[in-house]
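Undergrad: here is a sequence together with a model predicted from it:
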Amino acid sequence: MGSYRWRGALAVIAVIALAFMMGRTLKGFELRVQGVAPRAGRFAGFSRENTVWFCFLLSGGLAGLAGICEVMSTVGQLQPGISPGY
């Protein structure tokens, strides 16, 4: 039961942090502009390549966080041989 509490808390913290980033920072504005109107983003001077890299890094970090939560939930500690056969 305790591991579910930690995973839920991490998910809520991630959602709050991403909502803050998307709503209150220049990077969030850049992501919204590039997603809705790429041409306007080019005129504003936002780099499409940097935006794509940022999204890749952010999604990879969140996927890694989810993987760590999944691995730690089964035993309660990280183990090197958690996925034999892959």
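TA: Arrived safely, thanks for sending. Numbers count the residues shown, from 1 in each chain.
Undergrad: contact partners for the residue nearest to the spatial centre of the chain?
TA: Residue closest to the mean C-alpha point of the chain, counted by C-alpha atoms, centre = their mean, is Leu62 at 3.5 Å. Counting by C-beta atoms under 8 Å, 6 or more residues apart in numbering, Leu62 touches Ala14. Just so you know, the C-beta spots here come from the backbone N, C-alpha and C atoms, and that holds for glycine as well.
Undergrad: rounded mean pLDDT for the helix or strand where Phe56 lies, please.
TA: Per DSSP states H and E, Phe56 falls inside helix 48-75. Taken as a whole, helix 48-75 has a mean pLDDT of 88.
Undergrad: could you number the chain from 54 rather than 1 from now on?
TA: Happy to do that; since the first residue is 54 now, the last one works out to helix 101-128.
Undergrad: please point out which parts of it sit buried.
TA: Applying a neighbour-count criterion of 16 or more other C-beta atoms under 10 Å, one finds 104, 122, 125 buried in helix 101-128.
Undergrad: which one of the residues you listed sits closest to Ala62?
TA: Minimum separation from Ala62 among the buried residues of helix 101-128 (C-beta to C-beta) is found for Cys122, which lies at 10.2 Å.
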